[in-house]
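Colleague: task: produce atomic coordinates for the following.
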Amino acid sequence: MTNQTIITGNITNDLEVRQAGNSQVLKFGLGVRGNFKKDETNFIQVEAWGKPAEIISEYCQKGSKLLVIGELKQNRFQDKEGQNREKVYVNLDKFEFLDSKGSNQQNSQPQQQRGQAPAGNNPFANDNNANISDDDLPF
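Modeller: Just a heads-up that it's a prediction; the model follows:
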């Protein structure tokens, strides 16, 4: 059996890397839209350790869109008052940036869409219509 969770969402809090023993940890929330109810948002806690924690905190901020792949974990514990509690979170294994750090700031330049060539290098950017008849096509 495998325990792999894949989620895409927006970071819900300011990012702060903390020292945990010999490693660094980044704990953050991810707002994930529901599949069936588009106006429903689920808030999933994520923990990133080591180098991924550093990279995410450097290139992301509150509101950044992130794809997270990790293991779903459940911790059971007693709080200070002796009450039984549990925490469910995703322990991050892999991630992918879905926007840049500057794209969530006001007055930022519009981000070029993935796979879109810059306008200066696009030979098809002008409005010249090519006159091609059906006889010119090889198929």
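Colleague: please work out the average pLDDT along whichever strand or helix holds P52.
Modeller: With elements taken from DSSP states H and E, the one containing P52 is helix 51-59. Averaged over helix 51-59, pLDDT sits at 95.
Colleague: that one: how far from the chain's middle?
Modeller: 12 Å (CA atoms, centre = their mean, to the nearest Å).
Colleague: what are the pairing partners of the helix or strand hosting L92, and which direction each?
Modeller: L92 belongs to strand 84-97 when assigned by DSSP H and E. Applying DSSP bridges to the sheet, strand 84-97 is found paired with strand 41-49 (parallel), strand 65-78 (antiparallel).
Colleague: buried set for it?
Modeller: The neighbour-count check on strand 84-97 (16 or more other CB atoms under 10 Å) flags 89-90, 92, 95 as buried. C-beta coordinates here come from the backbone N, C-alpha and C atoms, glycine included.
Colleague: for the residue nearest to D14 when sequence neighbours are not counted, give me phi and psi.
Modeller: Closest residue to D14 apart from its sequence neighbours, by CB to CB, 6 or more residues apart in numbering: K62 at 5.3 Å. With angles defined as degrees, to the nearest 10, K62 sits at phi -60, psi 130.
Colleague: quick one, what contacts K62?
Modeller: Applying CB atoms under 8 Å, 6 or more residues apart in numbering, we find K62 in contact with 11-15, 104.
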